[in-house]
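Undergrad: the sequence and its predicted three-dimensional model are supplied below.
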Amino acid sequence: MHTGSCICGAVSFEVDGDLNPPDACHCSICRKTSGHYYAGTDIPKDRVRITGEDNVAWYQTSEKVRRGWCKTCGANLFFAPIYRDWISIAMGAFDRPTDTKLAIHIFVADKGDYYEIADGLPQNQQ
C-alpha cells in the first residue's frame, strides 16, 4: 500500500500494490503545470482510492487528457487520460519511499533549455 496527499491534506490517495516505474514528461503542458517536468506513475484506476475527490479541480488540457490539482493548495496530483483505465499520480505526492525508479523521459523535444537530461535513461522525442 502506498499513500500520498496534497500539501494541505484536503486530497489524499491510496494505491494498492506496487507502483509502475514512472516516466518523466518534458512536454510544454507538463512543464507549465509542474514548474519543471512531471514525473508520474501510471496505475490502473481500480487500484487507486482518492479521498477528498470533491477538492480536486480537473482541467481538460486536450480532448484526450485532464489534469487534477487540489483546489485549496494547488498541488499538482493527477494526469488522467479520459479514455483509458489508468491514472498517473505525481511521484512527489507520495508520503514515503516508493521503491521504484524513473524508467524513461518522454517529449524531450519540448524540454526546457535550462537543464540537460544526463541520467542515461531512454529518451523519446515525442
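TA: It's in.
Undergrad: how long is stretch 94-110 end to end?
TA: End-to-end distance of stretch 94-110 (C-alpha to C-alpha, to the nearest Å): 26 Å.
Undergrad: which parts of it are buried?
TA: Residues of stretch 94-110 classed as buried by neighbour count (16 or more other C-beta atoms under 10 Å): 94, 98, 105, 106, 107, 108, 110. From N, CA and C alone the C-beta is placed, and that goes for glycine too.
Undergrad: do stretch 114-126 as well
TA: Buried, per 16+ other C-beta under 10 Å, within stretch 114-126: residue 123.
Undergrad: what does stretch 24-41 give?
TA: Buried residues in stretch 24-41, defined by neighbour count with 16+ other C-beta under 10 Å: 24-27, 29-31, 33-34, 37-41.
Undergrad: that one: how far from the chain's middle?
TA: 8 Å (C-alpha atoms, centre = their mean, to the nearest Å).
Undergrad: that one spans what distance, first to last residue?
TA: 9 Å.
Undergrad: I'd like the average pLDDT over it.
TA: Taken as a whole, stretch 24-41 carries a mean pLDDT of 96.
Undergrad: identify the bridge partners of the residue nearest to residue 59 when sequence neighbours are not counted.
TA: Of all residues not flanking residue 59 in the chain, residue 67 sits nearest, at 5.5 Å (C-beta to C-beta, 6 or more residues apart in numbering). Using DSSP bridges, the beta-bridge partners of residue 67 come out as residue 59, residue 79.
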